[in-house]
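1. Okay, predicted coordinates and the sequence, questions at the end:
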Amino acid sequence: GQNIDQPTEMTATEGAIVQINCTYQTSGFNGLFWYQQHAGEAPTFLSYNVLDGLEEKGRFSSFLSRSKGYSYLLLKELQMKDSASYLCAVSGGDYKLSFGAGTTVTVRA
Amino acid sequence: IAGITQAPTSQILAAGRRMTLRCTQDMRHNAMYWYRQDLGLGLRLIHYSNTAGTTGKGEVPDGYSVSRANTDDFPLTLASAVPSQTSVYFCASSPVGGSGANVLTFGAGSRLTVL
């Protein structure tokens, strides 16, 4: 089975940086994903890591350490539209995605 | 419109009734999935299909059934709804199943309330 932990809520100021941590314990590992979900909408894909290290994509970066079972999503230059839930998901040995409960990020002016 | 269409958007249902949630995709993806999302629990996989004609059980399959007669459609049926099935249901698809770099595209969701 999978056990995925991430903080429930985070608050940050517009223009700031926020780091959302995710720890996981899985039976097998085939990649870690981050999805963004605005209230009342569908989740949308943000990033994918399968090797250790940092993947950068514009204002968003994602980091993975497989040995530590740890990932983080870094959001830079926060904008009001970044207020959303961020879902950490792990592809396990069966290639099925298991999701954490999500971290709700609130960006304040 | 490219993507995934789910219907209905929202439904209130009496306990014991049968309900089918519809899901259609036009991306020619091989794999399709049904998740339910509940506050504090995140998305949980109900059933999946790696290709037309095959289905599999996810983490929470009890009380639900699916079929995959063709590539595009993946309906989810609740044979006899119970209040614990009140949730938001998301259908998703991906180009292939059984692959590591398996990016899911989600539908807009169906909000189901069972009274």
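-> Perfect, thanks for sending it.

2. mind checking which helix or strand of chain A has the lowest mean pLDDT?
-> Of all helical and strand segments in chain A, the minimum by mean pLDDT, DSSP states H and E falls on strand A:97-99, at a mean of 92.

3. and the nearest residue to residue B:10 once chain neighbours are set aside, what does it touch?
-> Take residue B:10 and drop its neighbours on the chain: the residue closest to it by Cβ to Cβ, 6 or more residues apart in numbering or on different chains is residue B:111, 4.4 Å away. To be clear about C-beta, it is placed using only N, CA and C from the backbone, and glycine gets the same treatment. Applying Cβ atoms under 8 Å, 6 or more residues apart in numbering or on different chains to residue B:111 gives the contacts B:9, B:10, B:11, B:88, B:89.

4. who's in contact with the residue lying closest to residue B:24 once chain neighbours are set aside?
-> Spatial nearest neighbour of residue B:24, chain neighbours left out: residue B:5 (4.9 Å); criterion: Cβ to Cβ, 6+ apart. By Cβ under 8 Å, 6+ apart, residue B:5 lies in contact with B:22, B:23, B:24, B:25, B:107.

5. center of chain B, which residue is that?
-> Chain B has residue B:34 as the residue nearest its centroid, 2.6 Å off, counting by Cα atoms, centre = their mean.

6. that older thread, any residue of whichever helix or strand comes after the least confident helix or strand of chain A touching chain B?
-> Beyond strand A:97-99 on the C-terminal side, the first helix or strand identified by DSSP states H and E is strand A:103-108. No: on the criterion Cβ under 8 Å from any Cβ of the partner chain, strand A:103-108 is out of touch with chain B, staying 10.5 Å away.

7. So in that sheet, which strands flank strand A:103-108, and in what orientation?
-> strand A:9-13 (parallel), strand A:84-91 (antiparallel) (DSSP bridges).

8. Residues contacting the longest one, please?
-> Strand A:84-91 is contacted by residues A:2, A:4, A:6, A:20, A:22, A:24, A:26, A:29-39, A:43, A:46, A:71, A:73, A:97-100, A:102-105, B:42-43, B:100, B:102 when judged by Cβ under 8 Å, 6+ apart.

9. Could I have the buried ones of those residues as ChimeraX selection syntax?
-> Selecting the buried subset of these in ChimeraX, with 16 or more other Cβ atoms under 10 Å in any protein chain shown as the burial test, is done by:
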select /A:2,4,6,20,22,24,26,29,30,31,32,33,34,35,36,37,43,46,71,73,97,98,99,100,102,103,104,105 /B:42,43,102
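
10. Widest-spaced pair of the contacts of residue B:5?
-> B:22 and B:25 (11.2 Å; Cβ to Cβ).

11. which one of these two has more residues nearby?
-> residue B:25 (22 against 15; other Cβ atoms under 10 Å in any protein chain shown).

12. May I have the beta-bridge partners of residue B:23?
-> Here residue B:23 sits in beta bridges with residue B:6, as judged by DSSP bridges.

13. For it, grab the count of nearby residues.
-> Around residue B:23 there are 25 other residues, counting by other Cβ under 10 Å.

14. quick one: pLDDT of it?
-> pLDDT recorded at residue B:23 is 98.

15. so it touches residue B:6, yeah?
-> Yes: at 5.4 Å, residue B:23 counts as touching residue B:6 under the criterion of Cβ atoms under 8 Å.

16. hmm, back to that, would you mind finding the most buried of the strands paired with strand A:103-108?
-> Counting by mean count of other Cβ atoms under 10 Å in any protein chain shown, strand A:84-91 has the highest mean neighbour count of the strands paired with strand A:103-108, with a mean of 24.
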